[in-house]
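Undergrad: Predicted model follows, preceded by the sequence.
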Amino acid sequence: MTEREPIRGAGRVVHVTSLANPIVKEIRGLALPKNRRASRLFVAEGLKLVADAIEADWQVRYLVHSARVANEALVERLSAVARVRGADIVSVSEPVLAKIARRENPQAVIGVFEQRLTPPGEIRPGDNDVHVALEAIRDPGNLGTIIRTVDAVGATGVILVGDTVDPFSIEAVRATMGSIFHVPLTRASAAEFATLRARWPGTVVGTHLAATQDYRAATYRGPVLVVMGGEQAGLSPPLAAACETLVKIPMAGRADSLNLAVATGVMLFEVLRDRLRVNG
């Protein structure tokens, strides 16, 4: 490893060719949930995701890039911004990059960012807000896709209730396609969610197999809280009871259920139907 003298107030510029380098070990360790929890850091892969994060003013700890893209204009610009913000710029060999990414043919740019979570007590929904509450989600791909959908429809945020998969896992972050940097996330225990529900001034609606009301016939008075259960069991009895309205998405085929991310998308497009317009 070699490094140039950092400018005042800026991060280092580091060149790494060894897998034994401490920075490499630290970043590789973020594949483990316990390390992400302890450090409150996470990894985002790809030039687009890193650019989205930096442009959205997320705090970056490391910007890692392959030596072969070091002189590309966008990489140079992002590196300069990240370095001024105190990040270390880490130029690595291809073998080191593959080990950091834990896959062949990795993205040429990787960022390590500080996590952001909004405490449940700080949620103050406005009349036009739409939040999604997710209980006991297990699939990071589903969670990432839901975050992306929330961003796409212009909803307000996502509340993760109870034992839900880590939104900052590499699989979840990848599935968001950059939307994780634009959608506020909240983690809430069952008790914290109950407190939030008690002061929610608008509609609290959940999907449930036992519901008899068509989701298209319901009235969604803002602010709206859409509550969705886990992939296997659906809403738990306490969260189902917390909903003032339970609705069902009708199906005509032989399938008896929808993928969670698809069902959440169907609900969000209905709730926000009157606000969404085709441009052009």
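TA: Alright, I've got the coordinates. All values reported here derive from a predicted model rather than from experimental measurement.
Undergrad: which residues in the stretch 101-250 of the chain form strands?
TA: 109-114, 130-135, 157-161, 185-188, 204-207, 213-214, 224-228, 245-248 (DSSP state E, counting those that start in this stretch).
Undergrad: Now mean neighbour count, mean pLDDT and distance to His65 too, for the ones you listed, in JSON lines please.
TA: Just so you know, the C-beta spots here come from the backbone N, C-alpha and C atoms, and that holds for glycine as well. Shown next, in JSON lines, are the strands of the stretch 101-250 of the chain (neighbours: other C-beta atoms under 10 Å; pLDDT from 0 to 100; distance: least, C-beta to C-beta, whole Å):
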{"stretch": "strand 109-114", "mean neighbour count": "23", "mean pLDDT": "96", "distance to His65": "5"}
{"stretch": "strand 130-135", "mean neighbour count": "24", "mean pLDDT": "98", "distance to His65": "34"}
{"stretch": "strand 157-161", "mean neighbour count": "24", "mean pLDDT": "98", "distance to His65": "30"}
{"stretch": "strand 185-188", "mean neighbour count": "20", "mean pLDDT": "98", "distance to His65": "27"}
{"stretch": "strand 204-207", "mean neighbour count": "23", "mean pLDDT": "97", "distance to His65": "43"}
{"stretch": "strand 213-214", "mean neighbour count": "12", "mean pLDDT": "96", "distance to His65": "51"}
{"stretch": "strand 224-228", "mean neighbour count": "26", "mean pLDDT": "98", "distance to His65": "38"}
{"stretch": "strand 245-248", "mean neighbour count": "18", "mean pLDDT": "96", "distance to His65": "47"}
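Undergrad: Contacts only, for the closest residue to Val92 other than its chain neighbours.
TA: Spatial nearest neighbour of Val92, chain neighbours left out: Val16 (4.8 Å); criterion: C-beta to C-beta, 6 or more residues apart in numbering. Applying C-beta atoms under 8 Å, 6 or more residues apart in numbering, we find Val16 in contact with 1, 23-24, 90-93, 96.
Undergrad: Please repeat the previous calculation with a cut-off of 10 Å.
TA: 1-3, 22-24, 64, 67, 90-93, 96-97, 100 (C-beta atoms under 10 Å, 6 or more residues apart in numbering).
Undergrad: out of these, who has the most neighbours?
TA: Among those, the one with the most neighbours (other C-beta atoms under 10 Å) is Val64, at 29 neighbours.
Undergrad: What residues are bridge-paired with that one?
TA: Per DSSP bridges, the residues bridged to Val64 are Val90, Ile110.
Undergrad: quick one on the thing from earlier: so which of the strands of the stretch 101-250 of the chain comes closest to Leu235?
TA: Counting by C-beta to C-beta, Leu235 lies closest to strand 204-207 out of these; the figure is 5.3 Å.
Undergrad: And the closest one, how far out from the chain middle?
TA: Relative to its parent chain, strand 204-207 has a centroid offset of 22 Å by C-alpha atoms, centre = their mean, to the nearest Å.
Undergrad: partners of that strand in the sheet?
TA: By DSSP bridges, strand 204-207 pairs with strand 224-228 (parallel), strand 245-248 (parallel).
Undergrad: Which residues does that strand contact?
TA: Contacts for strand 204-207 (C-beta under 10 Å, 6+ apart): 131, 133, 135, 196-197, 211, 213, 215, 218-221, 223-229, 234-235, 239-249, 258, 260, 263-264, 266-267, 270-271.
Undergrad: mind saving the C-alpha coords of that strand as PDB?
TA: Extracted C-alpha coordinates of strand 204-207, given in PDB (Å, rounded to 0.1, in the frame of the first residue of the first chain):
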ATOM      1  CA  VAL A 204     -54.300   2.800   8.400                       C
ATOM      2  CA  VAL A 205     -54.900   0.000   5.900                       C
ATOM      3  CA  GLY A 206     -53.600  -3.500   5.600                       C
ATOM      4  CA  THR A 207     -53.900  -6.400   3.200                       C
END
